[in-house]
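*Asks:* sequence unknown, structure follows:
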């Protein structure tokens, strides 16, 4: 029995990056031997075990053979005679197909039959073998790695292979949960725009997210958007979200905020009247199709509908500001409102030449919310009840009280807050 550290742990070690998780492959062993050593079986589709002490995953060396479409269409073979090289050959990229002896003695311990270390040095994402084409999830993984390793490029032959997979319909059979899982991870990488650029280059974006793919080539008004192209703007917004360390809810909201611009009639371009509502409608389709989590879809819905109002809120009256907070459900969900404001800042600064611009709307609306929250709604409701007032009339009194305190705040702080 021989044990090797494999995959991302070896790659990140060679890159000088922190190693957070270790994956191990065991060559020359049977499940019975692993159980006898105290390992805990957890693999459903192939033999994977948890170490009795570290709880890290140890997988028996295996091969995979394509048996159907999609990422589940595989027959897995695991046996003591499966070699380390055979196990590594089924991996997606050469940089992930490097093994190191468990004792960690690198000089004699590195096993690299597919020149992954060389590709790390050259900063290239290259598929291991033609078996790459058997699993369409790998297209998404390559795109995600491009977003993480920002100085790596996709090898031309790998890009060509991915294009062929898209043309042959392999991407059509991806399970929604896996698409969302990879997209979500890619959105959280250092430069999310690179994921979408790779998916766009190979044609997968038009299949998986046609609502996003059609934004390229759609013009916007240059006085608001010096970058003009809506697709370019979207990529700048996503990268701004990464720069500002935004959570996934915000990054997904950024991805979906301008979807409606892709359906603007050609005769009104470069204006996009009513794109906010169209964005919200398209977002519904995307969220249902990919089974996007509720928190992501709800935040994205408000951002799609209200980002224009948030941008213009420095000119709003007290009544308009309170109505904006109410539409955003900010009083009930202040933490989500903070995320909505962050997404709007990403949108405003994700424009050519405006990356370093201030976005006073964010802090100002946070102040306005604090002022509104100071209104003693219970006291108002109790006083109304004592006067025999109930139902919608109580809500109107509370709304009016909120408008009055915001008006006072605006009077003392000026329109710019």
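*Replies:* Good, I have the coordinates. Since we're looking at a predicted model, the values are computed, not measured.
*Asks:* in the chain, which helix or strand is least confident?
*Replies:* Ranked by mean pLDDT, DSSP states H and E, the weakest helix or strand in the chain is helix 106-109, scoring a mean of 58.
*Asks:* what's whichever helix or strand comes after it packed up against?
*Replies:* On the C-terminal side of helix 106-109, the closest following helix or strand by DSSP states H and E is strand 110-111. Using 3 or more CB pairs under 8 Å, 6 or more residues apart in numbering; DSSP states H and E as the contact criterion, the neighbours of strand 110-111 among helices and strands are helix 84-89, strand 99-101. (Each C-beta comes from the backbone N, C-alpha and C, glycine too.)
*Asks:* got the ones you listed as CSV, with mean pLDDT columns?
*Replies:* CSV is the format used below for these (pLDDT from 0 to 100):
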stretch, mean pLDDT
helix 84-89, 92
strand 99-101, 92
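*Asks:* mind putting those into CSV with distance to residue 383 and mean neighbour count?
*Replies:* Shown next, in CSV, are the helices and strands packed on strand 110-111 (distance: least, CB to CB, whole Å; neighbours: other CB atoms under 10 Å):
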stretch, distance to residue 383, mean neighbour count
helix 84-89, 74, 18
strand 99-101, 73, 20
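*Asks:* which of these sits closest to residue 278?
*Replies:* Minimum separation from residue 278 across the helices and strands packed on strand 110-111 (CB to CB) falls at helix 84-89, 47.2 Å.
*Asks:* chain center to stretch 164-180, what's the gap?
*Replies:* Taking the mean of its C-alpha atoms, stretch 164-180 sits 18 Å from the chain's own mean (CA atoms, centre = their mean, to the nearest Å).
*Asks:* that stretch spans what distance, first to last residue?
*Replies:* Distances were taken as CA to CA, to the nearest Å; on that basis the terminal residues of stretch 164-180 are 22 Å apart.
*Asks:* that one: which residues count as buried?
*Replies:* 165-166, 170-171, 174, 178-180 (16 or more other CB atoms under 10 Å).
*Asks:* of those residues, closest to residue 4?
*Replies:* Within the set of the buried residues of stretch 164-180, residue 178 lies nearest residue 4; the separation is 26.8 Å, counting by CB to CB.
*Asks:* that closest one against residue 136, yeah?
*Replies:* No. The pair residue 178 / residue 136 is not scored as a contact, 9.1 Å apart, by CB atoms under 8 Å.
*Asks:* and the residue nearest the centre of the chain, what is it in contact with?
*Replies:* For the chain, the residue whose C-alpha lies nearest the mean C-alpha position (CA atoms, centre = their mean) is residue 187; its distance is 2.6 Å. Residues touching residue 187, when contacts are defined by CB atoms under 8 Å, 6 or more residues apart in numbering, comprise 195, 238, 248, 251-252, 255.
*Asks:* list the buried residues for the helix or strand where residue 277 lies?
*Replies:* For residue 277, the enclosing helix or strand under DSSP H and E is helix 275-290. Applying a neighbour-count criterion of 16+ other CB under 10 Å, one finds 275-276, 278-280, 282-283, 286-287, 290 buried in helix 275-290.
*Asks:* and the contacts of it?
*Replies:* With contacts defined as CB under 8 Å, 6+ apart, helix 275-290 is touched by 176, 179-180, 183, 209, 211, 256-264, 292, 296-297, 300-301, 304-308.
*Asks:* which residues sit against whichever helix or strand comes after it?
*Replies:* Read in the C-terminal direction, the helix or strand following helix 275-290 is helix 294-311, with elements assigned using DSSP H and E. Contacts of helix 294-311 with the rest of the structure, by CB under 8 Å, 6+ apart, involve 248-250, 252-257, 259-260, 276-277, 279-280, 283-284, 287, 292, 316, 324, 327-329, 336, 339-341, 343-344, 347-348, 361, 365.
*Asks:* go on, stretch 109-123?
*Replies:* Everything outside stretch 109-123 that qualifies as a contact, by CB under 8 Å, 6+ apart, is 4, 10-11, 14-15, 84-85, 88-89, 93-101, 103, 125-126, 128-129, 149, 151-153, 155.
*Asks:* the same query, at a cut-off of 7 Å, please.
*Replies:* With contact meaning CB atoms under 7 Å, 6 or more residues apart in numbering, stretch 109-123 is reached by 4, 11, 14-15, 84-85, 88, 94-95, 97-101, 103, 126, 128, 151-153.
*Asks:* start to end distance for stretch 305-323?
*Replies:* Chord length of stretch 305-323, first to last residue, is 14 Å (CA to CA).
*Asks:* how far off centre is it?
*Replies:* Relative to the centre of its chain, stretch 305-323 is centred 28 Å away, using CA atoms, centre = their mean.
*Asks:* pull out the buried residues from that stretch.
*Replies:* The neighbour-count check on stretch 305-323 (16+ other CB under 10 Å) flags 305-307, 309-310, 313, 316, 318, 321-323 as buried.
*Asks:* now do residue 416, the pLDDT please.
*Replies:* Among the per-residue scores, residue 416 holds a pLDDT of 46.
*Asks:* just give me the neighbour total for residue 332.
*Replies:* Using other CB atoms under 10 Å as the criterion, residue 332 is surrounded by 9 other residues.
*Asks:* assign it to helix, strand or coil.
*Replies:* Under the three-state scheme (DSSP: H, G, I helix; E, B strand; the rest coil), residue 332 adopts coil.
*Asks:* so what does it look like in phi/psi?
*Replies:* Geometry field for residue 332 lists phi and psi as phi -80, psi -30, criterion degrees, to the nearest 10.
*Asks:* gap between it and residue 299?
*Replies:* Distance, residue 332 to residue 299, by CB to CB, to the nearest Å: 14 Å.
*Asks:* so where do the strands sit in the chain?
*Replies:* With DSSP state E as the definition, the chain shows strands at residue ranges 2-6, 23-27, 40-41, 48-50, 57-60, 62-66, 74-78, 99-101, 110-111, 124-125, 153-154.
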